[in-house]
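Engineer: My questions concern the predicted model and sequence given below.
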Amino acid sequence: METTAITNIISQEKVDKIGNFIEKYDKILITTHVSPDGDALGSSLGLYHYLVSRGKSVKLIVPNSFPYFLRWMKGANEVLVYEYNPEAGQRIIENSELIFCLDFNVPKRNGEMAPFVQKSAAKKVLIDHHPFPGNSCDVFISHPEISSTSELIFRLLYQLDEYGKINRESAECIYCGMMTDTGGFTYNSNDPEIFEIISLLLRKNIDKDAIYSKVYDNYTEERFRLLGFVLSQRMKIYHDIHAALIYLSKEDQKQFSYNKGDTEGFVNYPLSIKNILFSTFIREDENLIKLSFRSHGSFACNEFAAEFFDGGGHLNASGGEFYGTMEEAMQVFEKGLEKYSATLKESLQ
Ligand code: 5GP
Ligand code: MN
């Protein structure tokens, strides 16, 4: 019987290398993926608070803005949004001695910042849990079997023997990332060590119930009415192949005073319908069509995203994009469904 509560899954050689980098370098930059979600921000701020407590000069730059229900996180006010001031962002990137790339697997996911981060002379550390990693970094930590990058940040600090230095702010952010990437511990969350880690985070005096409420009970009335509207008016069910689609045009968004982040989570709802195991959400954005995919069980929605929408992500949660009209995007989607219809039919256990 294993007695150690937390297994050292990150190679100790990599942990030691990062420990030395942190010791040696003072100007540290943390960055993450476009459209930062709870895990992107949770892992980044979790590490940020630790490094700040070590007296480091730390900057956190995200490629573009993050949704309002994550703004409560301690340190969120300090986050620089690259899109708003690329010149300032580039200066910081150039001046950094050490860069942490968190929660993304390929440079493209770092958005417009990517070329500057890539060519920077700083030491680079990548920590991520997406499949198919493809970055070149000085230290490369990729664990697709782990449900969140925030959990990996906890594990890194734990393996650095720095659990004692994790403060409450850091613990809150790490918990938030672990919670959001598992849908409040409803998927990808059967590993008992997740709960060992939660237990260690609770000992830092975090209020996990309050964190849940800050993220999930923080929506605007418009967002809620928009949800009601899409479920009754903009949802297509393909019963015979166990698939569903929700689509939302610019016109619809205007009607419900749409704000960035309002459609977060919409893609999950159809999966609550009996026998639906593949759900897609298509939204018309400023210059492109954005797609989100979710699945139950073995259906690989990251493959679907990669094949038809230049995307990727996890087996059960992925995304992609499309340049063209909504109608064209929906046609490509339905062609994709046709191709995968046999697989979808077989996927129902
Ligand atoms: P979401 O649907 O919440 O935007 O994204 C779900 C998952 O898919 C996340 O892990 C995210 O990183 C990934 N993802 C979302 N959009 C894209 C995309 O355009 N390209 C790739 N490669 N991954 C994406
Ligand atoms: Mn993540």
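Structural biologist: Structure received. Ligands and ions are numbered 1, 2, ... in the order given.

Engineer: Residue of the protein nearest ligand 1, please.
Structural biologist: Ranking the residues of the chain by distance to ligand 1 (C-beta to the nearest ligand atom) places G319 first, at 2.2 Å. Glycine gets a C-beta too; all of them are placed from N, C-alpha and C.

Engineer: Which helix or strand contains the residue in the chain that ligand 2 sits nearest to?
Structural biologist: Ligand 2 sits closest to D39 of the chain, with a gap of 3.4 Å, by C-beta to the ion. Taking DSSP states H and E as the definition, D39 sits inside helix 38-53.

Engineer: Wondering if that helix reaches ligand 1 at all.
Structural biologist: No - where contact is defined by C-beta under 6 Å from any ligand atom, no part of helix 38-53 touches ligand 1; the two come within 8.0 Å at best.

Engineer: and that helix, what does it pack onto?
Structural biologist: Helix 38-53 is packed against strand 27-31, strand 57-62, strand 98-102, helix 149-159, helix 168-180, with contacts defined by 3 or more C-beta pairs under 8 Å, 6 or more residues apart in numbering; DSSP states H and E.

Engineer: Kindly reformat those as TSV containing distance to ligand 2.
Structural biologist: Supplementary listing: the helices and strands packed on helix 38-53 in TSV, determined by distance: least, C-beta to the ion, whole Å:
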stretch	distance to ligand 2
strand 27-31	14
strand 57-62	14
strand 98-102	9
helix 149-159	5
helix 168-180	7
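
Engineer: Make JSON lines out of these and add mean pLDDT and mean neighbour count.
Structural biologist: Listed next are those as JSON lines, based on pLDDT from 0 to 100; neighbours: other C-beta atoms under 10 Å:
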{"stretch": "strand 27-31", "mean pLDDT": "98", "mean neighbour count": "24"}
{"stretch": "strand 57-62", "mean pLDDT": "98", "mean neighbour count": "22"}
{"stretch": "strand 98-102", "mean pLDDT": "98", "mean neighbour count": "27"}
{"stretch": "helix 149-159", "mean pLDDT": "98", "mean neighbour count": "26"}
{"stretch": "helix 168-180", "mean pLDDT": "98", "mean neighbour count": "26"}
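
Engineer: So which residues on the stretch 1-150 of the chain come close to ligand 1?
Structural biologist: Where proximity means C-beta under 6 Å from any ligand atom, the interface of the stretch 1-150 of the chain facing ligand 1 comprises H33, D37, R109.

Engineer: tell me the domain ranges of the protein?
Structural biologist: Following automatic domain parsing, one gets these domains for the chain: 12-216, 223-348.

Engineer: how distant is the shortest one from the center of its chain?
Structural biologist: In this case it means domain 223-348. Relative to its chain's centre, domain 223-348 lies at 17 Å (C-alpha atoms, centre = their mean, to the nearest Å).

Engineer: Equivalent analysis for stretch 205-218, please.
Structural biologist: When distances are taken as C-alpha atoms, centre = their mean, stretch 205-218 is centred 18 Å away from the chain's centroid.

Engineer: where's Q331 relative to Y247, distance?
Structural biologist: According to C-beta to C-beta, to the nearest Å, Q331 stands 12 Å off from Y247.

Engineer: Tell me where the model's unsure across the protein.
Structural biologist: Low-confidence segments of the chain, defined by pLDDT under 70, are located at 1-4.

Engineer: Spell out which parts of this protein neighbour ligand 2.
Structural biologist: Residues of the chain found near ligand 2 (C-beta under 5 Å from the ion) are D39, D103, T149, D181.

Engineer: 8 Å instead, please
Structural biologist: Taking C-beta under 8 Å from the ion as the measure of proximity, the chain contacts ligand 2 at 37, 39-40, 43, 103, 128-130, 148-150, 177, 181.

Engineer: got the residue ranges for the helices in the stretch 151-300 of the chain?
Structural biologist: Defined through DSSP state H, counting those that start in this stretch, the helices belonging to the stretch 151-300 of the chain, from first to last, are 168-180, 192-202, 208-216, 221-233, 250-255.

Engineer: just the ones you listed: most buried one?
Structural biologist: Comparing those by mean neighbour count (mean count of other C-beta atoms under 10 Å), helix 168-180 comes out on top with a mean of 26.

Engineer: packing partners for it?
Structural biologist: For helix 168-180, the packing partners by 3+ C-beta pairs under 8 Å, 6+ apart come out as helix 38-53, helix 149-159, helix 192-202, helix 208-216.

Engineer: Can you confirm whether it lies near ligand 1?
Structural biologist: No - using C-beta under 6 Å from any ligand atom, we find that helix 168-180 stays clear of ligand 1, coming within 9.5 Å at best.
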